[in-house]
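> sequence and predicted model, in that order:
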Amino acid sequence: RFIYSGSPMAINMAVSIEDFTISERAGEAGDVYFSIELKEYRFHNAKKVKVVSKNTSAASNKSLKSSTKTRPDMRVRPETYTVKKGDTLSKIAKQMLGDSSRWKEIQTLNGLTNIQLKTLQIGTVLKLPKE
């Protein structure tokens, strides 16, 4: 953002730097000159479009309704997870199960004590709960 608040006008605009040059001139010790070339940046937003159909027959409405269903999640979840450096049960639950609050399920399933949670060994294979 380039902001200039001097008189007679004020400038406040989004810009990108196109060219920046620094130089010194002989005989002028300590003075540094620079040149900057800016280009105005324009933000682009997607516009919301509402589709209006002229054909209101039952067949066309049926096809529109059937296409709005969400696809089932076909990904196969792994049944185990190997502990890596820096892992905690809540991180594993968030990454593998999508919810960090499910760490207790992993603890129960693997029979881990609270003390073992603090010292999870790298390379330990943990069983993961099924949906």
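Okay, I see it.

> residue nearest the centroid of this structure?
Closest to where the C-alpha atoms of the chain average out (CA atoms, centre = their mean) is Gln95, at 14.3 Å.

> name the helix or strand for that residue, please.
Following DSSP states H and E, one finds Gln95 within helix 89-97.

> what's the next secondary structure element after that helix?
Sequence order places helix 103-110 as the next helix or strand after helix 89-97, per DSSP H and E.

> and that next one, what does it pack onto?
helix 89-97, strand 125-127 (3 or more CB pairs under 8 Å, 6 or more residues apart in numbering; DSSP states H and E). Placement of C-beta: from N, CA and C, glycine included.

> output that helix in PDB with nothing but the alpha carbons.
Coordinates of each C-alpha in helix 103-110 appear next as PDB, following Å, rounded to 0.1, in the frame of the first residue of the first chain:
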ATOM      1  CA  TRP A 103      -7.400 -37.700  21.000                       C
ATOM      2  CA  LYS A 104      -9.000 -39.500  24.000                       C
ATOM      3  CA  GLU A 105     -10.400 -42.200  21.600                       C
ATOM      4  CA  ILE A 106      -6.800 -42.800  20.300                       C
ATOM      5  CA  GLN A 107      -5.500 -43.000  23.900                       C
ATOM      6  CA  THR A 108      -8.200 -45.500  25.000                       C
ATOM      7  CA  LEU A 109      -7.900 -47.700  21.900                       C
ATOM      8  CA  ASN A 110      -4.100 -48.000  22.300                       C
END
